[in-house]
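J.: Sequence plus the predicted model coming up.
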Amino acid sequence: MAKQRVEFRCDECGASTPRWSGRCPACDAWNTMAEAPVLSLARSIPATVGFEPATPIAEVELDAVRAMPTGISELDRVLGGGFVPGSVTLIGGEPGVGKSTLLTQVAASMAFAGVDVLYVSAEESRQQVRLRAGRLGALAPKLWLASETELGQVLAHLDRLQPSLVVIDSIQTVHDPVLGSAPGSTVQVRECAHRLVREAKQRDLAVVLVGHVTKDGGLAGPRVLEHVVDTVLCFDGDRHHALRLLRAAKHRFGSTAELGLFEMTDAGLEPVPDASALFLADRRPGVAGSAVVAALDGDRPLLVELQALVATTKLPMPRRTAQGVDGGRLAFLLAVLERRASLALTGSDVFALAVGGVRVIEPGADLALALAVASSFSDTPIPPDLVACAEVGLGGELRQVGQTPRRLAEAARLGFGSALLPHSAPDPPPGLRALRAGTVADALDLAGLVGPGS
């Protein structure tokens, strides 16, 4: 009898090699090569089984995607209307950010709307989930709760209840005893996810999986986990702030450019429909070192206050501290301000902050951050009704950023009177006056700060 041939396959990326090695030659992951049998062509399934002829792409019939609204406006914004039957959604985030809170509220909202929902808690006991649901007002009659870690038991609950939505919290703690490996291992996560995806397609069932994250912020487990699901949601936020942000890193049924915003309260997560008003609610006009940027996160315009503090230091290496803004861009802007606008910042500590717990790391925030630094340096406040929106180049020139009209429309909606823009930017909407500058030095002069040659 011929000996069955084997190969070694990477658990992370799926690449295969004829010999074992400690490092995958495709993805460079260590200790991920596992032995796997190679099926001979003689034993392969004939191509005629389940064969469906190819169809011209223009003649493919489009079935309407029936999204089930979740009742949570910001989540529906990101999903493009809600969960699609037969889809699998993976949501990840740091421990304690509020993933279980959000999904408990979503499950209850859909259950109150008449949808049968099964919540599988593989990490918490029934009593713990019951306490959280009671605090959130999520005791819906059509919301079913199961505390299971074995895949077979989860499937048995699906057979008995026939729900339309299943939440599994989390996929890393679900295991199949047949596989023999420990829960959370690469093999368990991969195979359990594959089985749940297959069940979702066969049953026309929407499945939501909670995934753990690594210390680097990526989703734990094999990379194939993100490939087999239809949607990957990232839920993040600073635990010292109430703001939470929801983004779609992958979405087969819609755009990945939408942003959902929530505020953590005693009653759970509350959607934030007007994020700009929230970020500017506690702003104090007339304070030096403050500037407002018309930022864009995905397709959503946000007006965010950027603050800077410049303080003289006797340290040989002045400190450069950035929170909520890119530290590399801050250092770059300080060099441009010193070289192109004659601001002597070498002997000063510089602290920069994006207020409200949001991160503003796009190039469109360059001019506003430069204005905030110059305002603190000269101890001169920026006009309170001024908003800035431009990228700064190494030569000190101002460049237009993407979707400027959408940014300026948000500024006009909130009552700002003037916008500091590059010459190439389009005209602002009625009620918003354009102040145009070609360089960062000219922009400082227009804002009433230190100008050229100062």
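T.: Great, that's in hand.
J.: List the buried residues in stretch 423-431.
T.: Across stretch 423-431, burial judged by 16 or more other Cβ atoms under 10 Å covers 425, 428. (C-beta placed from N, C-alpha, C; glycine too.)
J.: Give me the phi and psi for residue 340.
T.: Backbone torsions for residue 340, taken as degrees, to the nearest 10, come to phi -100, psi -20.
J.: Sorry, slip of the keys, the one I care about is residue 80.
T.: Backbone torsions of residue 80, given as degrees, to the nearest 10, read phi 80, psi 30.
J.: nearest residue to it other than its sequence neighbours?
T.: residue 254 (3.0 Å; Cβ to Cβ, 6 or more residues apart in numbering).
J.: Likewise for residue 93?
T.: Counting by Cβ to Cβ, 6+ apart, residue 93 lies nearest to residue 235, which is 3.7 Å off, once chain neighbours are set aside.
J.: The one you found: what secondary structure?
T.: Here residue 235 is recorded as strand under DSSP: H, G, I helix; E, B strand; the rest coil.
J.: Make residue 1 into 378 and carry on from there
T.: Renumbered: residue one is now 378, and that last one reads residue 612.
J.: I'd say it and residue 626 touch.
T.: No: in this structure residue 612 lies outside contact range of residue 626 using Cβ atoms under 8 Å: 10.9 Å.
J.: Just want to know which of the two has more residues nearby.
T.: residue 612 (24 against 13; other Cβ atoms under 10 Å).
J.: So, low pLDDT: which residues of this protein?
T.: 378-382, 389, 391, 414-428, 439-442, 593, 598, 827-831 (pLDDT under 70).
J.: Quick one: the helices in it, in order.
T.: 450-456, 476-489, 503-513, 528-538, 563-580, 601-605, 652-656, 704-717, 743-755, 781-790, 817-823 (DSSP state H).
J.: roughly how far out does the fifth one sit from the chain middle?
T.: What that stands for is helix 563-580. 24 Å (Cα atoms, centre = their mean, to the nearest Å).
J.: In stretch 778-785, which of the residues would be classed as buried?
T.: Buried, per 16+ other Cβ under 10 Å, within stretch 778-785: 778, 781, 784, 785.
J.: looking at the helices of the chain, which is closest to residue 403?
T.: Checking those against residue 403 by Cβ to Cβ gives helix 601-605 as the closest, at 12.7 Å.
J.: OK, contacts around residue 779?
T.: Residue 779 sits next to 673, 741 when contact means Cβ atoms under 8 Å, 6 or more residues apart in numbering.
J.: cutoff 6 Å now
T.: Residue 779 makes no contacts at all, as judged by Cβ atoms under 6 Å, 6 or more residues apart in numbering.
J.: Tell me how far it lies from residue 673.
T.: Plainly put, residue 779 is 7 Å away from residue 673 if you go by Cβ to Cβ, to the nearest Å.
J.: And for residue 562?
T.: Counting by Cβ to Cβ, the gap from residue 562 to residue 673 is 41 Å.
J.: Looking at these two, which has the bigger crowd around it?
T.: Using other Cβ under 10 Å as the criterion, residue 562 and residue 673 rank with residue 673 on top: 23 against 17.
J.: Show me what the more buried one bridges to in the sheet.
T.: When assigned by DSSP bridges, residue 673 has beta-bridge partners residue 678.
J.: same question, residue 811
T.: According to DSSP bridges, beta-bridge pairing links residue 811 with residue 796.
J.: how many other residues sit next to the nearest residue to residue 692 once chain neighbours are set aside?
T.: Of all residues beyond its chain neighbours, the one nearest residue 692 is residue 726 (7.5 Å), with distances taken as Cβ to Cβ, 6+ apart. The local packing of residue 726 (other Cβ under 10 Å) involves 16 other residues.
J.: ditto for residue 665
T.: 19.
J.: Verify the stated contact: it with residue 758.
T.: Yes: if you go by Cβ atoms under 6 Å, residue 665 and residue 758 touch, sitting 5.0 Å apart.
J.: follow-up on the earlier one: quick one: the residue nearest to residue 457 and residue 744, what's the gap?
T.: 32 Å.
J.: So these two - more neighbours on which side?
T.: Looking at residue 631 and residue 744 with other Cβ under 10 Å, you find the greater number of neighbours at residue 744, namely 28 against 16.
J.: Test my guess that the more buried one contacts residue 768.
T.: No: contact status for residue 744 versus residue 768: not in contact, 7.5 Å apart, counting by Cβ under 6 Å.
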